[in-house]
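Q: Task: produce atomic coordinates for the following.
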Amino acid sequence: MRPSPHTVLGRAAFAILLLVPARIWGQTPPPGWQASIAKVSVDPKLGRTPGTAFVVAVSGQTAFLVTCAHVVVEESSPRVEFRAAPLREFRATVRAREPGDNPRGLALLAVENVPTEVTALPLVATANSVEGEEVIVAGFPRPGLRFLAPKTTIAGFEGQDLTLSRETVEGFSGGPVLRGDSAIGIVYGREAGGYGTALISDVVRAYLRGLRVPLDGGPPTPQPAVQPPSAPKAVNTRDNRTSGLKEVWIPPGAFTMGCSEGDTECDDDEKPAHPVTITKGFWMGQTEVTVGAFKRYSRATGKPMPPETGASGRTLNPGWKNEGEPIGNVTFQEAAGFCAWAGKMRLPTEAEWEYAARAGSREARYAPLEEIGWYADNSGDQRFNSVRIWTEDASNYNNRLKENGNGPKVVAQKRPNAWGLFDMLGNVWEWTADWYGEKYYQAKEAQDPQGPPEGTQRIMRGGAWNNFHRNLRASYRVKNGPEKRLIVNGFRCAGE
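A: Next up, the predicted model:
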């Protein structure tokens, strides 16, 4: 149960009820969690009170610190003073900062050549927090900007927020909420009625993982290589002289279609998982159909290009000038027409699409998502926390994407799957040939399934640049009317 309304703290801190003995800035700090705390100061011309940050990882001589985005807004190189290095000043680099004016926004700082006394503060799950639990916050409140560590208690825990029993004042924004020697949250603001507010550590960890920060010590661990497919690898590629696109041969084989084992995010229409055999090999576009390829089709057939502007009024590729991006805003009929023109090609069946996307992988994604797909969190100017923004501000989600410059990317920039196909997850949704049937998987059609014999909506696969990570899974299905025209709708072709 949380009080309201919110009051944005730009540079928050705590009024003190009971203080853990505080050390004056300049004295040698005690060991433990205090060695991770730092004061963050921006250009004096900006006229803002310094805030707080804490170290979440140390790799070699580089320290990574997390703070609130509003602490370093309009600043790319803030000054940092560590509790573990009294009277020394360092320059930090703002590696990432969440856009917009959301008070819960986070920022990542990096400081080079830090002294060995600087240590990382572990981030632990907040889930077992209870009302009345005693915690500590740490930072540099006004006046005097002395380091202080007041005790407080958890007054409420709802969604992504902790409510704290003492009001916050300037200076503590970006400081940790401490349980023992670990952080369970980060202070960001205050509410009317004398309560402080903090973002839970689970969200902070998710943000940092997305930025590849080595949270558990040491350098980032290398990602495991994708498992080779159980069927033979692609044995051939060819250039389609009509479309100008490259195609990959997908050999016949068997796979399990539907919800991947261990995937907890599956919808009912992804179940039950069932064995499927693809008895005939087929060619498949190595990339999504590009703007350049669709222009060739338009010139050759006299068919118009799709509208540049989507139903939302946004134009992503004015004049279709960037020919390396995937074509979007295409209907099912337009996609099927292109494939028929491209020489014995067609839209893939849903089973063919999933078989080709998995390329032998049994996982929800054939490799780490950041390496293979463009989606909402990585397709913009800055890192974008799509789940949090949707949860807090769903009605403004598309505007936030626009403000952050999110959009489709030139094809084939990410890592391909084991059969050499690019962007099977992310960038734009891909039309398939199948009608949608909510309970179709219950039939467990085992050989070359073609989908229901009729319907009103067609299946699309793969997810797009504006989606959450959840939508970018090999088994995820979405349905659209064949006439539906959306800027995120694209396709690739298949054929014998």
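
Q: Please look at Val71 and Gly174 and confirm they touch.
A: Yes. Assessed by Cβ atoms under 8 Å, Val71 is found in contact with Gly174 at 5.0 Å. Every residue, glycine included, has its C-beta placed from N, CA and C.

Q: which residues do the two both contact?
A: In terms of Cβ atoms under 8 Å, 6 or more residues apart in numbering, Val71 and Gly174 are both contacted by the residues 40, 51-53.

Q: quick one: low-confidence ranges for the chain?
A: 1-31, 47, 100, 127-129, 142-145, 166-169, 192-194, 216-235 (pLDDT under 70).

Q: Nearest the middle, which residue of it would you pick?
A: Centrality entry for the chain: nearest residue to the mean C-alpha point is Asp377, 3.1 Å, by Cα atoms, centre = their mean.

Q: Quick check: beta-bridge partners of the closest residue to Val428 other than its chain neighbours?
A: Using Cβ to Cβ, 6 or more residues apart in numbering and skipping the chain neighbours, the partner closest in space to Val428 is Gly490 (3.3 Å). Beta-bridge pairing for Gly490 (DSSP bridges): Glu430.

Q: Make residue 1 into 49 and carry on from there
A: New numbering, starting at 49: the last item is Gly538.

Q: Check the gap between Gly538 and Ser360 for me.
A: Separation of Gly538 from Ser360 (Cβ to Cβ, to the nearest Å): 16 Å.

Q: How about Phe188?
A: Between Phe188 and Ser360 the computed distance is 44 Å (Cβ to Cβ).

Q: neighbour-wise, which of those two wins?
A: Set Phe188 next to Ser360 and count neighbours by other Cβ atoms under 10 Å: Phe188 wins out with 29 against 12.

Q: Pull the contacting residues for the more buried one.
A: By Cβ under 8 Å, 6+ apart, Phe188 lies in contact with 61, 73, 87, 98-100, 194-196, 219-220, 223.

Q: Most neighbours of all those residues, which one?
A: Using other Cβ under 10 Å as the neighbour test, these are led by Gly223, with 37 neighbours.

Q: Closest to Leu449 out of the contacts of Phe188?
A: Of all the contacts of Phe188, the one sitting nearest Leu449 is Gly99; the distance, using Cβ to Cβ, is 27.5 Å.

Q: Ala101 against Phe112, yeah?
A: No. Under the criterion of Cβ under 8 Å, Ala101 makes no contact with Phe112, lying 9.9 Å away.

Q: Compare the two and say which is more crowded by neighbours.
A: A count of neighbours by other Cβ under 10 Å puts Ala101 above the other of Ala101 and Phe112, at 33 against 22.

Q: Now do the same for the nearest residue to the more buried one once chain neighbours are set aside: helix, strand or coil?
A: Closest residue to Ala101 in three dimensions, ignoring its sequence neighbours and counting by Cβ to Cβ, 6+ apart: Thr115, at 3.7 Å. What DSSP: H, G, I helix; E, B strand; the rest coil gives for Thr115 is strand.

Q: same question, Ala388
A: Taking three-state DSSP as the rule, one finds Ala388 in the helix state.

Q: gap between it and Ser249?
A: From Ala388 across to Ser249, the span is 53 Å (Cβ to Cβ).

Q: Also Gln498?
A: Taken as Cβ to Cβ, the span from Gln498 to Ser249 is 48 Å.

Q: Between these two, which is the more surrounded one?
A: Ser249 (26 against 13).

Q: Pull the contacting residues for the residue nearest to the more buried one when sequence neighbours are not counted.
A: Nearest residue to Ser249, sequence neighbours excluded (Cβ to Cβ, 6+ apart): Leu171, at 4.5 Å. Each residue near Leu171 by Cβ under 8 Å, 6+ apart is listed here: 104, 230-232, 249, 252-253, 256, 263.

Q: Now restrict those residues to buried residues only.
A: Neighbour-count burial (16 or more other Cβ atoms under 10 Å) applied to the contacts of Leu171 gives 104, 231-232, 249, 252-253, 256, 263.

Q: how about the helices in the protein?
A: For the chain, helices defined by DSSP state H occupy the ranges 249-258, 339-349, 380-389, 398-406, 417-420, 434-441, 445-451.

Q: now the ones you listed as CSV including distance to Ala512?
A: Output for the helices of the chain, formatted as CSV (distance: least, Cβ to Cβ, whole Å):
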stretch, distance to Ala512
helix 249-258, 18
helix 339-349, 16
helix 380-389, 15
helix 398-406, 14
helix 417-420, 13
helix 434-441, 12
helix 445-451, 11
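
Q: Go through these and pick out the most buried.
A: Highest mean neighbour count among these (mean count of other Cβ atoms under 10 Å): helix 398-406, with a mean of 24.

Q: by contact count, what packs against it?
A: Of the remaining helices and strands, those touching helix 398-406 by 3 or more Cβ pairs under 8 Å, 6 or more residues apart in numbering; DSSP states H and E are strand 294-298, strand 301-305, strand 322-326, strand 330-333, strand 477-483, strand 506-509, strand 542-543.

Q: That one to strand 301-305, inter-axis angle?
A: Here helix 398-406 runs at an angle of 100 degrees relative to strand 301-305 (axes from the mean of the first three to the mean of the last three Cα atoms, to 10 degrees).

Q: how far off strand 477-483 does helix 398-406 point, in degrees?
A: 150 degrees.

Q: Check the offset of stretch 479-496 from the chain's centre.
A: Offset of stretch 479-496 from its chain centre (Cα atoms, centre = their mean, to the nearest Å): 30 Å.

Q: Give me the buried positions along it.
A: 479-485, 488-489, 493.

Q: Now do the domain split for the chain, please.
A: Here the domain parsing of the chain from automatic domain parsing is 54-258, 285-543.

Q: Count the neighbours of Trp147 for me.
A: That one is not Trp; residue 147 is Pro. Using other Cβ under 10 Å, Pro147 has 18 other residues around it.

Q: Tell me the spacing between it and Tyr236.
A: 16 Å.

Q: And Glu295, by the same measure?
A: Noted for Glu295: a distance of 50 Å to Tyr236, by Cβ to Cβ.

Q: With neighbour numbers in mind, choose between these two.
A: Using other Cβ under 10 Å, the more surrounded residue of Glu295 and Tyr236 is Tyr236, with 30 against 25.

Q: List the contacts of that one.
A: By Cβ under 8 Å, 6+ apart, the residues touching Tyr236 are 57, 60, 116, 151-152, 221-222, 245-247.

Q: got JSON lines for the contacts of Phe188, with distance to Pro396 too?
A: What follows is the contacts of Phe188, written out as JSON lines (distance: Cβ to Cβ, whole Å):
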{"residue": "Ala61", "distance to Pro396": "57"}
{"residue": "Trp73", "distance to Pro396": "64"}
{"residue": "Lys87", "distance to Pro396": "57"}
{"residue": "Pro98", "distance to Pro396": "57"}
{"residue": "Gly99", "distance to Pro396": "52"}
{"residue": "Thr100", "distance to Pro396": "53"}
{"residue": "Arg194", "distance to Pro396": "65"}
{"residue": "Phe195", "distance to Pro396": "61"}
{"residue": "Leu196", "distance to Pro396": "62"}
{"residue": "Gly219", "distance to Pro396": "58"}
{"residue": "Phe220", "distance to Pro396": "55"}
{"residue": "Gly223", "distance to Pro396": "52"}
